[in-house]
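Enquirer: What follows is a protein structure lacking sequence information:
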Ligand SMILES: [Zn+2]
């Protein structure tokens, strides 16, 4: 019997056991649903246009990548790899997987509820109202659903911005979903939606999760996502005093875990600096309203900034524009993120395209931005932001094998132009043929190799419907 068959049987058994309890308001457990990951093996990717995103190695118009037991062994033309199975990558671009540095995976199934054209049913009202009804099972299913889309779009690393951790069991469920899907990533442990802002976060729960999950095989790391400090313009995000921030951030630092925080609204950077809170373990999100002085503070403190081009470019210019050019000029670390997928689809090519267009629109020839720089931003720079660049982000021998193959023979990609330009100007997620994370071939020929994709989708939809019902959301 296939592993997927066993999974289904387990789920059905769990469903039957649950039904016998007479309860109807929660979902049967699906937590064994995605655990059948393919084994790591030895293979060589042959005949691709190889973009290593490693300046010391450079690129190959026609080259190979040799992978064994999850590690990149060698990169170059006509590699000797006796005994390795061969992936024919003729007509494909071989590059590092995308590194997403900020994604609220727990909201993934709510795309069926969130409306972009009705403010009362927008992202924040929906996630706040339904978020209060999440069981760990809902967290598991939503994270798994989001990661299925992320892998389809070429993300092999995701920073899971989990700002609805209602208990350590919810954090455990989100980590299990990440592990079961085979991605690399960080769980940023947050506070529950609707929780009190005058109380510190659950630092004991954070410590418990750290004890139980860290260290692991290097795939998953832990951080915290902070409620906003010094910005009360969106109460649904949570807004804490500097005293509470000192407790939360200090507690995280005592455990050695990094911190991330949204900054849309009035910029809190000077205030954070004056409160001695900034350091290289801090990532901020949404660079829209920074001043020149603040950008110097960020550079000096080693703070990174995650840009979410799809969502940020939809906001009114009155709340600021994406300050990519300013941040790069100031030497601030930047990376790319999708933010969430309840209002749009996951597409890192589109993210790069938006940033390219916006930079040209704002600065013209004064601050040119190359396609190559954008591909680096979506891969290696994300790994730098998350502090894992020694493990991933480029096709460097010795790093773990997080690799995607992009078909250039599809109608929207052919004839192939300069490969970086093709990626930024023409590519779409449907061109991604193969996705490899830590040496596991998770997708091949545009399909999952082991995941029961239909089950993941169905159970995500089931979770959204049940949440809507429990929250009496019409
Ligand atoms: Zn966000």
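Expert: On my side now, so go ahead. Here the structure is a predicted model, which means the values were calculated and not measured.
Enquirer: Quick one: end-to-end length of stretch 427-444, please.
Expert: 18 Å (C-alpha to C-alpha, to the nearest Å).
Enquirer: Likewise for stretch 88-101?
Expert: 31 Å.
Enquirer: Over to stretch 409-418?
Expert: End to end - C-alpha to C-alpha - stretch 409-418 spans 14 Å.
Enquirer: Spell out for me which residue occupies the centre of this structure.
Expert: Residue closest to the mean C-alpha point of the chain, counted by C-alpha atoms, centre = their mean, is residue 158 at 2.8 Å.
Enquirer: which stretch of helix or strand covers residue 149?
Expert: Residue 149 belongs to helix 136-152 when assigned by DSSP states H and E.
Enquirer: Over to residue 260?
Expert: strand 259-262.
Enquirer: buried stuff in that strand?
Expert: Using 16 or more other C-beta atoms under 10 Å as the test for burial, strand 259-262 gives 259-262. Where you see a C-beta, it was placed from the backbone N, CA and C, and this is true even at glycine.
Enquirer: Report the strands that pair with the helix or strand harbouring the residue nearest to the centre of the chain, each with its relative direction.
Expert: Residue 158 belongs to strand 155-162 when assigned by DSSP H and E. According to DSSP bridges, strand 155-162 forms sheet pairs with strand 98-103 (parallel), strand 184-189 (parallel).
Enquirer: Turn the ones you listed into JSON lines, columns for mean pLDDT.
Expert: As requested, the strands paired with strand 155-162 are exported to JSON lines (pLDDT from 0 to 100):
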{"stretch": "strand 98-103", "mean pLDDT": "98"}
{"stretch": "strand 184-189", "mean pLDDT": "98"}
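Enquirer: Give the next helix or strand downstream of the helix or strand bottoming out on mean pLDDT in the chain.
Expert: Ranked by mean pLDDT, DSSP states H and E, the helix or strand of the chain with the weakest confidence is helix 3-20, at a mean of 38. Counting by DSSP H and E, the next helix or strand C-terminal to helix 3-20 is strand 42-51.
Enquirer: Buried residues, the helix or strand just after that next one. List them.
Expert: Downstream of strand 42-51, the first helix or strand assigned by DSSP H and E is strand 59-68. For strand 59-68, burial by neighbour count (16+ other C-beta under 10 Å) applies to 59-60, 63-68.
Enquirer: Compute the inter-axis angle for strand 59-68 and strand 42-51.
Expert: Relative orientation of strand 59-68 versus strand 42-51 (axes from the mean of the first three to the mean of the last three C-alpha atoms, to 10 degrees): 160 degrees.
Enquirer: Need the contact partners of strand 59-68.
Expert: Here strand 59-68 makes contact (C-beta atoms under 8 Å, 6 or more residues apart in numbering) with 41-52, 72-79, 81, 84, 94, 395, 401, 403, 419, 436, 439.
Enquirer: Now list the buried members of these.
Expert: Among these, those classed as buried by neighbour count (16+ other C-beta under 10 Å) are 42-52, 72-73, 75, 79, 81, 84, 94, 395, 401, 403, 419, 436, 439.
Enquirer: Next one: the closest residue to residue 178 other than its chain neighbours from residue 259, what distance?
Expert: Distance criterion C-beta to C-beta, 6 or more residues apart in numbering; nearest residue to residue 178, sequence neighbours excluded, is residue 185 at 5.3 Å. Relative to residue 259, residue 185 is positioned 16 Å away (C-beta to C-beta, to the nearest Å).
Enquirer: where in the stretch 51-200 of the chain is pLDDT low?
Expert: Regions of the stretch 51-200 of the chain meeting the criterion pLDDT under 70 are absent.
Enquirer: Pull out the buried positions in stretch 283-296.
Expert: 283-290, 294-295.
Enquirer: And residue 414, which helix or strand is it part of?
Expert: Assigned by DSSP H and E, residue 414 belongs to no helix or strand.
Enquirer: Mind checking what secondary structure residue 87 has?
Expert: Three-state assignment for residue 87 (DSSP: H, G, I helix; E, B strand; the rest coil): strand.
Enquirer: Which strand residues bridge it?
Expert: Under the criterion used here (DSSP bridges), residue 87 is bridged to residue 45.
Enquirer: That one reaches residue 47, doesn't it?
Expert: No - Residue 87 lies out of contact with residue 47 (C-beta atoms under 8 Å); the separation is 9.4 Å.
Enquirer: in the helix or strand following the strand holding residue 158, what counts as buried?
Expert: Using DSSP H and E, the next helix or strand after strand 155-162 towards the C-terminus is helix 168-181. Buried residues in helix 168-181, counted by 16+ other C-beta under 10 Å: 168, 170-181.
Enquirer: likewise stretch 366-377?
Expert: Counting neighbours by 16+ other C-beta under 10 Å, stretch 366-377 gives 369, 371-377 as buried.
Enquirer: which stretch of helix or strand covers the nearest residue to residue 399 once chain neighbours are set aside?
Expert: Among residues not flanking residue 399 along the chain, residue 72 sits closest, at 5.4 Å (C-beta to C-beta, 6+ apart). Following DSSP H and E, one finds residue 72 within strand 71-76.
Enquirer: shaky segments in the stretch 351-474 of the chain?
Expert: Ranges of the stretch 351-474 of the chain meeting pLDDT under 70: none found.
Enquirer: the helices in it, which residues?
Expert: Ranges of helices in the stretch 351-474 of the chain, per DSSP state H, counting those that start in this stretch, are 371-378, 380-385, 419-425, 453-470.
Enquirer: Could you name the stretch from those helices that's closest to residue 193?
Expert: Relative to residue 193, the nearest member of the helices of the stretch 351-474 of the chain by C-beta to C-beta is helix 453-470, separated by 11.7 Å.
Enquirer: Excluding sequence neighbours, find me the nearest residue to residue 288.
Expert: Setting aside the residues directly before and after it, residue 288 is nearest to residue 320 in space (C-beta to C-beta, 6+ apart), at 2.9 Å.
Enquirer: where's the one you found relative to residue 267, distance?
Expert: 9 Å.
Enquirer: can you list residues touching both of those two?
Expert: Common contact partners of residue 320 and residue 267 (C-beta under 8 Å, 6+ apart): residue 289.
Enquirer: Do a quick rundown of the strands in the stretch 251-400 of the chain.
Expert: Under the criterion DSSP state E, counting those that start in this stretch, strands of the stretch 251-400 of the chain are mapped to 259-262, 282-285, 304-307, 333-336.
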